[in-house]
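1. Curious how this folds, go ahead:
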Amino acid sequence: MKSVLLTLLLIAAASFSSAQDVSPARPPQTEKAEAVIAKAVQIMGGSNYLSVRSQIGRGLFSSMREGTVLSHQKFVDVIVFPDKERTEFKGQGSRIVQTNSGNTGWVFDGDQDVLKVQNEKQVADFRIGIRTSLDGLLRGYWKGDAELSYVGRRPATLGKRNDVLKLTYQDGFTVEFEFADDGTPQKSLYKRSVSDGGESKDEDRYAQFLDVGGIKAAFIVDRFSDGKQASRINYESIEFNKNISDSWFAKPANTKDAKKEFKN
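-> Numbering: from 1, shown residues only. Below is the predicted model of the structure:
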């Protein structure tokens, strides 16, 4: 009797252990996509890259049309990941500050001496920027809000092909990212609503990856809309993991306070 009971207990224990070990199999395309991300993270600096919590970038922003530069503006871009950003533009006698935190934001227009809360579209554009961010993809800020998949291989330059990943968000928004064979990020592609009610096909191309204290960063980002270059971001310097006060993201009490330039 004891022998029979012991046998039943062993069978039950084995069955329970087996049930505990079984987990839903992931689609092969998901595993392939995760492998591409893992390779890219190593290229970008591995654990150093993943440990980044803030970023301060300074450089030159150029607006372009039909291959011609329309204007240059110096900028200071301050980010606390995943969803706080303050960008100050200065050039040709004007100054603009655009700041977002989560689902809120404000803008200071120095030309008009006006401080105002961002409208719904401006906040939505910022949220799209987070969704299409290379850092957001590689650091996993999309998890819980989007599904990752491997699209396949896409022709690139000089007879090469890029690996293509896709994020599909719960509301249907999608963005694709391309990576070279060695894992270096190449571009992101997505559609964005424009003022006339239509859509533009936007593409951010990454170039000139430089090492900053063991962390790689793209010092040039070119934006294309419907196949035509619209802007270029050219960083002159990037700093990581500086302490940044939340006060820089809070809406100022008045235009006098809004005129204060970011210092760190």
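2. which intervals of the stretch 1-150 of the chain have sub-threshold pLDDT?
-> 1-26 (pLDDT under 70).
3. for the closest residue to Gly213 other than its chain neighbours, which residues make a bridge with it?
-> Leaving aside its sequence neighbours, Gly213 sits nearest to Phe240 (Cβ to Cβ, 6 or more residues apart in numbering; 6.6 Å). All C-beta spots, glycine's among them, are computed from the backbone N, C-alpha and C. In this entry, Phe240 is beta-bridged to Gln55, by DSSP bridges.
4. and Phe240, what does it touch?
-> Phe240 sits next to Val52, Ser54, Gln55, Val212, Gly213, Ile215 when contact means Cβ atoms under 8 Å, 6 or more residues apart in numbering.
5. Of these, just say which sits nearest to Gly183.
-> Taking Cβ to Cβ as the measure, Gly183 lies nearest Ile215 of these, at 14.8 Å.
6. The closest one contacts Leu50, correct?
-> No: assessed by Cβ atoms under 8 Å, Ile215 is found out of contact with Leu50, at 9.6 Å.
7. And the two? Which one has more around it.
-> More crowded of Ile215 and Leu50, by other Cβ atoms under 10 Å: Ile215, with 19 against 13.
8. How about the contacts made by that one?
-> Met44, Gly45, Asn48, Tyr49, Val52, Phe240.
9. Adding distance to Lys251 and secondary structure, write the residues you listed out as CSV.
-> Below are these laid out as CSV (distance: Cβ to Cβ, whole Å; DSSP: H, G, I helix; E, B strand; the rest coil):
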residue, distance to Lys251, secondary structure
Met44, 33, helix
Gly45, 34, coil
Asn48, 34, helix
Tyr49, 32, helix
Val52, 26, coil
Phe240, 26, strand
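10. Just among the residues you listed, which is most surrounded?
-> Neighbour counts for these, by other Cβ under 10 Å, peak at Met44, which reaches 25 neighbours.
11. Just give the closest residue to that one, not the sequence neighbours.
-> Counting by Cβ to Cβ, 6+ apart, the residue nearest Met44 is Lys216, at 4.5 Å.
12. How about the secondary structure of the one you found?
-> What DSSP: H, G, I helix; E, B strand; the rest coil gives for Lys216 is strand.
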